[in-house]
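# After the sequence you'll find the predicted model.
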Amino acid sequence: MAAAVDLSGFVVQRGDGASEIDFAVQGMTCAACMAQIERAVAAMPGAPTARVNYSTRRLKIAWRDALFRPDAVAGVLAPLGYRAQPFDFEAAESEDSAQAKYLVRCMAIAGFAAMNVMLLSVAIWAGAVSGIDPATRDLFHWISGLIALPAAAFAGQPFFRSAVGALRARRLNMDVPISIGLALALGMSVVETMRHAEHAYFDSALMLMFFLLAGRALDHGMRRKTRGVVNNLASLRALSARRLGPDGPMEIPVKALRKGDRILVQSGERLPADGIVVAGEGRIDDSVITGETARRAVAKGDVVYAGSMNLDGALQVEVGASGARTLLDEIERMLEAAATAKSRYLRLADRAARIYAPIVHLAALCTALGWLVAGASWHDSLVAAIAVLIITCPCALALAVPAVHVAASGELFKAGVLLRNGDALERLAEVDTVAFDKTGTLTTPEPRIANRGDAPADLAAVAARLALSSRHPLARSLAAEARGLAPFATVSEDAGGGLRTVIDGVEAKLGRLSYCGLEEDLRLSRDAPRESAIAFRFGDRHAIFYVRQTLRSDAPAAIDWLKRRRLGIEILSGDVEGSVREVAAILNVAEAKGGLKPAEKVERLAALQSQGHKTLMVGDGLNDAPSLAGAHASLSPSSAADIAQSAADAIFLGDRLAPVCVAVSIGRAARRRMTQNLALAAVYNAVAVPLAIAGIVTPLIAALAMSGSSLLVTLNALRPWRVETPGQEERSTEPAEAPDAPALAMARN
Amino acid sequence: MTVLIYLVPIALGLGLIGLLTFLWSLRSGQYDDLEGAASRVLWDDDVAGS
């Protein structure tokens, strides 16, 4: 039943007449996979050229011949065990990659210039001891200047632009003192060279720039890597929609859907877009959106949201029809309010810059005045003041935080936590309360059979085998139990009832309770609502299976771990009070609230905040998005709704809850190291500034002190991380999990 | 010291060649897939008779 697929929205026309398309590929685990994929695609008609990018797990195909059909690629790769989904380069990502290349280019130029100027400087320093001809020294200074000035004009732009931007907004950031330091160092060196003086600081300025750019390029690269994985996940999750056109239904990617399109949603499928039901009726499960597990009956004219599951009946939906966005509009309004509130958070580095810049500039001023009062010449006083500014140019201070960022987000990446936000690390460390959503966060995203042991094994096996033929979500949970069984050959489906087949002359039925004639001997307890029951009758034997959300396997251990770290735990759920209390009892959580609307969750967080608590919100539903955006820090599982993921600070992969603990633990460790680094930088300044004020800092001392302090903070950030997790109380990061944890987790999802 | 007139430009020229080569390799996308490139060298389908 492979309907035609239209991928034209993903194809990019290249200048030379060729076309290109990108795919995100799931299931690549080794180098041999690359060769297998490239050969399989190259063997397709139309002679395409395929190139796998193993780092980003993406496949780029280029072709000229119209014989090549991009929609056949997924079909070619599927039998080999790979899932390929067309990938749409977001504008943000290609901008990111251009920015990364720009930073590396700046770094290369600064590095080249620093090396060559250093070559000349070493000669000058050696000459200061062994006696150098003043004319040669001047020549070397001039050559240094000729290299340094153009290099700084190009490679310094990232700092200058950011500093100007900050000053325009009447703020101070770390780039302001950096830019002032760079400009003064270069300017004074030119003046001193013209005066045939002994000292010029071209080397210090360039080396400083090189170190800072290296730190920035690494930071950027790490963030880009994380963002790439997040985008891959989104592509692989992307659904296709069945659009009703004049010539029948046509399968198209959801991104190609336009407002006003009519789509067909079969039973057991998730809605690909928001819209209004125009034909058909059925029941839908909105738990992703509202967090409620109760079903909602919909008919013509009802508004439905992307992500809800159509349980039974085929629905025709008009996409994005007016009035359909009321819920989303409200959530977006709340998201905006939360975002503006959060932008007031001041990063550690900016806070340091705020204290640091005035002190340093004041010290420089005092130095100049002090020397003047002591009777030094204008020139000497100014040189001493500028030397103070050069030596305090915040190289170590500016590297202190980014170096820890790079190391910590790499560590989180290995543990399956993808950091989306730079300052999230600092906020994660400050958290003292953790609020969990229930459905899909504490519990697994897909429901499972809860009473597996109740039915005889042989009966359960037949039921599971029959369930394989159904697309109903309840039946699919049951079918998940049929390991290695093939579906029955002849199965007939009774709409709105269930499935039927005949095995060795005995009739087998699977479906609603009434369909299997079990209504009267029903003894359903209150906490097992009938919506979650699926009945099976096989001759005169029968069984009832309950499909229930089950807790993530390590949820109790993770909650216990968090509690022992003195973090307050709360459950904020949109689900009915009863099932929330049940989960709270198992997890031993006192603060649990059910039946909350999105706004009430935000209110609860605000109440916690006014009591002085800083809350980490963990949630996955559309209804959690405002609270995720408003919480001090937030985490979202990779199965979460798109809008929730983009509101969260970080996304964690896999079926376990342990990444939440890892995130808190690494966040705290990172904060400790940032503070250590800032302290190291402060100590460095405390030693260097008196020397500069005394006027005994030569360029050699400046170069040694500045590079030494930069290396020190970098090494402190990179020393091995001890990550605590619920399983092992204290471990270094395990190499076994390290190589490819995100890809493995993606394969599990 | 007149030898400096040759030596300094030669030293700078060599450095510049290195810089330009790096910028070219960056532009031609050689750093886009570091992990993949490390494994591609192991493929032996370009060796005759294998």
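Perfect, thanks for sending it.
# only C-alpha atoms for contact and neighbour calcs from this point on.
OK.
# And the closest residue to A:N232 other than its chain neighbours, how close does it get to chain B?
Closest residue in space to A:N232, ignoring its immediate chain neighbours: A:A24 at 5.7 Å, by Cα to Cα, 6 or more residues apart in numbering or on different chains. A:A24 sits 15 Å away from chain B, going by Cα to the nearest Cα, to the nearest Å.
# Just the element for A:A24, please.
Using DSSP states H and E, A:A24 sits in strand A:19-26.
# what's next to that strand, contact-wise?
Strand A:19-26 is contacted from outside by A:10-14, A:57-64, A:70, A:82-88, A:232, A:235-236, A:743, A:746-747, using Cα atoms under 8 Å, 6 or more residues apart in numbering or on different chains.
# those strands in the stretch 601-749 of chain A, which residues are they?
Assigned by DSSP state E, counting those that start in this stretch, the stretch 601-749 of chain A shows strands spanning A:615-618, A:633-637, A:650-652, A:722-723, A:731-732.
# Can you name the residue of chain A nearest chain B?
A:Y54 (4.7 Å; Cα to the nearest Cα).
# burial of that residue, as a residue count?
By the measure other Cα atoms under 10 Å in any protein chain shown, the count of residues near A:Y54 is 24.
# My guess is it contacts A:M34. True?
Yes - if you go by Cα atoms under 8 Å, A:Y54 and A:M34 touch, sitting 7.2 Å apart.
# quick one on the thing from earlier: mean pLDDT for the strands of the stretch 601-749 of chain A: which is lowest?
Per-segment mean pLDDT for the strands of the stretch 601-749 of chain A reaches its minimum on strand A:731-732, at a mean of 41.
# all helices of the stretch 351-500 of chain A, in order?
Applying DSSP state H, counting those that start in this stretch to the stretch 351-500 of chain A gives helices spanning A:378-391, A:395-414, A:424-430, A:457-467, A:473-479.
# the longest helix in chain B is where?
helix B:4-27 (DSSP state H).
# What mean pLDDT does it get?
On average, helix B:4-27 scores 91.
# Excluding chain neighbours, what is closest to whichever residue of chain B sits closest to chain A?
Residue nearest to chain A within chain B (Cα to the nearest Cα): B:G36, separated by 4.7 Å. Computed as Cα to Cα, 6+ apart, the closest residue to B:G36 that is not its neighbour in sequence is A:Y54, at 4.7 Å.
# Angles on the backbone of the one you found, please.
The phi/psi pair for A:Y54 (degrees, to the nearest 10) reads phi -70, psi -30.
# Next: the one 4 residues further on.
In terms of degrees, to the nearest 10, the main-chain angles of A:R58 are phi -130, psi 160.
# How about A:I263?
According to degrees, to the nearest 10, A:I263 has phi -120, psi 160.
# now it, nearest residue through space, not along the chain?
A:R243 (4.3 Å).
# separation between that neighbour and A:G307?
Distance from A:R243 to A:G307, counting by Cα to Cα, to the nearest Å: 17 Å.
# tally of neighbours for A:G667?
If we define neighbours as other Cα under 10 Å, then A:G667 has 24 of them.
# is it true that it touches A:D423?
No - judged on Cα under 8 Å, A:G667 makes no contact with A:D423 at a distance of 10.3 Å.
# Low-confidence regions, the stretch 551-700 of chain A specifically.
Across the stretch 551-700 of chain A, nothing is flagged by pLDDT under 70.
# Which parts of it are helices?
Counting by DSSP H, counting those that start in this stretch, the stretch 551-700 of chain A has helices at residues A:555-564, A:577-587, A:598-610, A:625-630, A:642-647, A:658-694, A:699-718.
# Pick the most buried one from those helices.
helix A:625-630 (a mean of 30; mean count of other Cα atoms under 10 Å in any protein chain shown).
# who touches it?
Helix A:625-630 is contacted by residues A:331-332, A:334-335, A:338-339, A:341-342, A:598-599, A:601-602, A:605, A:617-619, A:634-635, A:643-645, A:647-648 when judged by Cα under 8 Å, 6+ apart.
# Which of the helices or strands spans the residue of chain B closest to chain A?
Element membership for B:G36, per DSSP H and E: helix B:34-40.
# Could you tell me which residues of chain B lie near chain A?
Contact residues (Cα under 8 Å from any Cα of the partner chain) of chain B with chain A: B:12, B:15-16, B:19, B:22-23, B:26, B:32-36, B:39-40, B:43.
# For the residue lying closest to A:R427 once chain neighbours are set aside, give me its contacts.
Closest residue to A:R427 apart from its sequence neighbours, by Cα to Cα, 6+ apart: A:A633 at 5.8 Å. Each residue near A:A633 by Cα under 8 Å, 6+ apart is listed here: A:A424, A:R427, A:L428, A:V431, A:T615, A:L616, A:M617, A:A648, A:D649.
# Burial check on the closest residue to the first one other than its chain neighbours, number of neighbours?
Beyond its immediate neighbours in the sequence, the residue positioned closest to A:A424 (Cα to Cα, 6+ apart) is A:D649, lying 6.0 Å away. As a burial measure, A:D649 scores 27 neighbours (other Cα under 10 Å).
# before we move on, what about A:T443?
Neighbours of A:T443 (other Cα under 10 Å): 21.
# how about the nearest residue to it, chain neighbours excluded?
Nearest residue to A:T443 in three dimensions, chain neighbours excluded: A:L551, at 3.9 Å (Cα to Cα, 6+ apart).
# Then A:D175?
Once flanking residues are discounted, A:D175 sits nearest to A:A163: 5.0 Å by Cα to Cα, 6+ apart.
# which secondary structure element contains the one you found?
Short version, using DSSP H and E: A:A163 is in helix A:157-168.
# Compute the inter-axis angle for the helix or strand just after that helix and helix A:395-414.
Where DSSP H and E defines the elements, the next helix or strand beyond helix A:157-168 is helix A:175-194. Going by axes from the mean of the first three to the mean of the last three Cα atoms, to 10 degrees, helix A:175-194 is angled at 140 degrees with respect to helix A:395-414.
# Just list what helix A:175-194 packs against, helices and strands only.
helix A:134-155, helix A:157-168, helix A:202-237, helix A:378-391 (3 or more Cα pairs under 8 Å, 6 or more residues apart in numbering or on different chains; DSSP states H and E).
# closest one to A:A464 among those helices?
Comparison of these against A:A464 by Cα to Cα identifies helix A:202-237 as nearest, at 26.0 Å.
# List the buried residues for the helix or strand following the closest one?
The first helix or strand that comes after helix A:202-237 along the chain, using DSSP H and E, is strand A:240-245. Neighbour counts using 16 or more other Cα atoms under 10 Å in any protein chain shown place A:S240, A:A241, A:R242, A:R243, A:L244 of strand A:240-245 among the buried residues.
# close enough to count as contact, A:L678 and A:C395?
No - A:L678 is beyond contact range of A:C395, at 11.1 Å (criterion: Cα under 8 Å).
# Residues contacting stretch A:30-50, please?
With Cα under 8 Å, 6+ apart as the test, stretch A:30-50 has contacts from A:28, A:51-52, A:54, A:59-68, A:73, A:76-77, B:36, B:39-40, B:43.
# mind redoing it with 6 Å?
Stretch A:30-50 is contacted from outside by A:K60, A:I61, A:A62, A:W63, A:D65, A:L67, A:F68, B:S39, using Cα atoms under 6 Å, 6 or more residues apart in numbering or on different chains.
# Mind telling me the two of these farthest from one another?
Spatial extent of the contacts of stretch A:30-50 (Cα to Cα) is set by the pair A:L67 and B:S39 at 31.3 Å.
# Between these two, which is the more surrounded one?
Between A:L67 and B:S39, counted using other Cα under 10 Å, the more crowded position is B:S39 (15 against 12).
# pLDDT value on residue 30, please?
Here I'm looking at chain A. We note a pLDDT of 78 for A:C30 in this prediction.
# Let me rephrase: I mean chain B.
pLDDT recorded at B:Q30 is 86.
# Is it in a helix, a strand, or coil?
Following DSSP: H, G, I helix; E, B strand; the rest coil, the label given to B:Q30 is coil.
# Tell me, how many residues neighbour it?
Counted with other Cα under 10 Å, the neighbours of B:Q30 add up to 12.
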